[in-house]
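# Provided below for reference: sequence and predicted model.
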Amino acid sequence: MTKQNPNIEIISIDNFPQGSPLPYTVLDATHINAAYPEQKLEIRGGGYGSDAAAHPTNANQFYVLTDRGPNADFDGIAGKGKQFLVPNYIPSIGLFELHEDGKIIKIKEIVLKDSNGNPISGLPNPKALGGTNEVPYDIDGQPMTVNPNLPFDKVSNPIKTDINGLDPEGLAALTDGSFWISDEYGPHLVHYDADGFEIERINPFASDERNNVMIDGTSVLLPMEFTKRRANRGMEALTITPNQTTLVGIIESSMDNPDKSGRGSSVTRVITINLKSGQIAQYLYRLDVAEHVVSGLVALSDHEFYLIEHDRKFPLQDESAKKYIYRINLSQATDIETISTANHLKAIKQDEHVGLTVEGKTLEQLIAADEDNWQVLKNIKIMPVKKTLVVDVLATLDYPHDKLEGLWLRQDGSLGLLNDDDFSITDSAMTDTDIVGRDNKKPKSTVEHKYLDKEKTIIDANRLYIVMPIE
């Protein structure tokens, strides 16, 4: 870990210019901007917005996480999937420093690697390790295959997957200089050393030999119901308690548990994993509305946390947009891992594949069927975590972004907020027959810059904001 002066003076919120940009480089400028066909599209890296975490000693430094890399929805010969616009992209952690004038500089980049030191990719996992049959396509719209020199064939040249591929979303920076990262594929929790080498892993798959967190000879595993996470809706946020013993994560939104019948639910799940004892606890979080998502989680104690809940709407395009910071408390919530069928009526059961069920329904199904069924859970003494609004972001800041994902707890109690700019690109509604470029050729992809406004004049970028939560 880089040594820092722990007595460095923190830059005050009063002197900070809100919306200070993070620096970026251009990863690719060969694609056509579908919104403005005469312009090239800049894929900016950038992309540091999946999560944030405080440097353990330097008050003005913070870590930020990228996701799997620039991508766009794509429907090709192998079915629906994602087009990876920079195929050799490697997910990474960036260390940034805030200066007194509001300028943010990049100190270093930590490339994520497997246990052998090979850089990982952002490609999907095989189905046995959580893959959801998401097909990766290359920049020419062809399926990425095991042998890239031969055409796609389901049997002889199938879709390429990566056992070590991650779509990183949650970041916990430890005092020893290492990191835990959660992702949206498995979901996986992966422990990286200070140089980005994998050293430990926790996921729900008992057959995965990489699960090497052992307590009394037994692997620590995530509950199997977590494999029911929706595509792109996995372990969205991760933190570690101040005593460095317990990981705490949360699933982004309702899971497809047991199937899509649970998708319209306002319930999602918080998990805690004690790395010393191996004890796992699981709690229910109630979203304001089922369409909301959670992102960004930071520990205040072993039971209190700040959490982001938002709606992914652009405030400049939709006045109904919501971006909230809640203080949540687990102390009076019910640990559903402790509920035993033997101690309840037969209507309540623990199922090894889908978790706790009530009257034969998963918790997601129960709430999706009727929002009032939260009262049913209360009647059988299953209580969600307590949540208290501490920042209404849009009432506090001029915040124009759709995604609010990074949460940096600063030493003075203020919160640094970072948006995910998606490498400044997004899917275009246009097809490749709608536009041509200057060379009269059709574009390689149907993507455009990610714009904050309806008029498509303001390109999104990673920016830092600072707020002080109310007590």
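Okay, I see it.
# now stretch 101-112: buried residues?
104, 110, 112 (16 or more other C-beta atoms under 10 Å). (C-beta placed from N, C-alpha, C; glycine too.)
# and the residues you listed, which is closest to Ile308?
Using C-beta to C-beta, Ile104 is the member of the buried residues of stretch 101-112 that sits closest to Ile308, with 20.1 Å.
# ok, the closest one - contacts?
Contacts for Ile104 (C-beta atoms under 8 Å, 6 or more residues apart in numbering) come out as 20-23, 96-98, 464.
# again, but for Trp180
171-172, 174, 189-192, 238, 240, 247.
# mind redoing it with 7 Å?
172, 189, 191, 238, 240, 247 (C-beta atoms under 7 Å, 6 or more residues apart in numbering).
# now do the most centrally placed residue in the chain against Pro315, distance only.
With distances taken as C-alpha atoms, centre = their mean, the residue of the chain nearest its centroid is Glu169 (2.6 Å). The spacing between Glu169 and Pro315, counted by C-beta to C-beta, to the nearest Å, is 22 Å.
# if we can go back for a sec, of the contacts of Ile104, grab the buried ones for PyMOL.
To isolate the buried members of the contacts of Ile104 in PyMOL, using 16+ other C-beta under 10 Å:
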select buried, resi 20+22+96+97+98+464
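# from the contacts of Ile104, which land in strands?
Using DSSP state E, the subset of the contacts of Ile104 located in strands is 20-21, 96-98, 464.
# before we move on, back to that, if you rank the contacts of Trp180 by neighbours, which is first?
For these, neighbours were counted by other C-beta atoms under 10 Å; the highest total belongs to Leu238, with 28 neighbours.
# and it, how far from Lys323?
For Leu238, the distance to Lys323 - C-beta to C-beta - is 20 Å.
# got it, and Met235?
Distance from Met235 to Lys323, by C-beta to C-beta: 21 Å.
# which of the two has more residues huddled nearby?
With neighbours defined as other C-beta under 10 Å, Met235 and Lys323 compare such that Met235 has more, 28 against 25.
# the more buried one and Leu189: what is the separation?
Counting by C-beta to C-beta, the gap from Met235 to Leu189 is 7 Å.
# shared neighbours of those two, anything?
With C-beta under 7 Å, 6+ apart, Met235 and Leu189 have common neighbours 182, 249.
# residues in contact with stretch 215-233?
By C-beta under 7 Å, 6+ apart, stretch 215-233 touches 130, 132, 134, 184, 187, 202-204, 206, 211, 213, 251-253, 255-258, 263, 273, 277-278, 282, 352-355.
# so which of the residues you listed sit within helices?
Secondary structure assignment by DSSP state H places none of these in helices.
# with adjacent residues omitted, what lies nearest to Val146?
Spatial nearest neighbour of Val146, chain neighbours left out: Lys160 (5.3 Å); criterion: C-beta to C-beta, 6 or more residues apart in numbering.
# who's in contact with the one you found?
123, 136, 144-146.
# picking up where we left off before, can you redo the contacts of Trp180 as CSV, where the extra columns are secondary structure and distance to Thr457?
Listed next are the contacts of Trp180 as CSV, based on DSSP: H, G, I helix; E, B strand; the rest coil; distance: C-beta to C-beta, whole Å:
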residue, secondary structure, distance to Thr457
Ala172, strand, 37
Leu189, strand, 40
His191, strand, 43
Leu238, strand, 36
Ile240, strand, 41
Leu247, strand, 42
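# picking up where we left off before, and the gap between the residue nearest to Val146 and Ala29?
Taken as C-beta to C-beta, the span from Lys160 to Ala29 is 26 Å.
# what of Thr362?
Thr362 is 47 Å from Ala29, by C-beta to C-beta.
# same deal with Phe205?
Distance from Phe205 to Ala29, by C-beta to C-beta: 39 Å.
# one more: Ile11?
34 Å.
# which one of those two is surrounded by more residues?
Set side by side, Ile11 and Ala29 show more neighbours around Ile11, with 19 against 12, by other C-beta under 10 Å.
# ranges for the strands of the stretch 151-300 of the chain?
168-173, 179-183, 189-192, 198-202, 214-215, 218-219, 235-240, 246-251, 267-274, 280-286, 293-299 (DSSP state E, counting those that start in this stretch).
# neighbouring strands - and their directions - for the second one?
Sheet pairing here is set by DSSP bridges, and for strand 179-183 it gives strand 168-173 (antiparallel), strand 189-192 (antiparallel).
# how much space separates the residue lying closest to Asp288 once chain neighbours are set aside from Ser253?
Ranked by C-beta to C-beta, 6+ apart and with sequence neighbours excluded, the top spatial neighbour of Asp288 is Glu309, at 6.4 Å. Distance, Glu309 to Ser253, using C-beta to C-beta: 10 Å.
# likewise Asp216?
Taken as C-beta to C-beta, the span from Asp216 to Ser253 is 34 Å.
# these two: which is more packed in?
Ser253 (23 against 6).
# tell me the contacts of the more buried one?
Taking C-beta under 7 Å, 6+ apart, one finds 233, 268, 293 in contact with Ser253.
# I'd say Pro70 and Val86 touch.
Yes. Between Pro70 and Val86 there is a contact at 5.1 Å, judged by C-beta atoms under 7 Å.
# who has more neighbours out of these two?
Pro70 (29 against 17).
# confidence score at the more buried one?
We have a pLDDT of 95 for Pro70.
# same question for Pro151.
pLDDT, Pro151: 93.
# now swap in Phe205 and tell me
96.
# give me the spatial nearest neighbour of it, chain neighbours excluded.
Leu129 (5.6 Å).
# all helices for this protein, in order.
Going by DSSP H, the chain shows helices at 363-369, 373-379, 393-396.
# for the first one, buried residues please.
Read it as helix 363-369. Buried, per 16+ other C-beta under 10 Å, within helix 363-369: 363-368.
# cool, the second one as well?
Using 16+ other C-beta under 10 Å as the burial criterion, the residues of helix 373-379 that qualify are 373-374, 377.
# figure out which of the strands paired with strand 179-183 is closest to Leu418.
strand 168-173 (11.0 Å).
# next, the buried residues of stretch 113-121.
113-114, 120-121.
# please compute how far stretch 169-176 lies from its chain's middle.
Put simply, stretch 169-176 sits 13 Å off its chain's centre (C-alpha atoms, centre = their mean, to the nearest Å).
# quick check: mean pLDDT of it?
Stretch 169-176 comes out at a mean pLDDT of 98.
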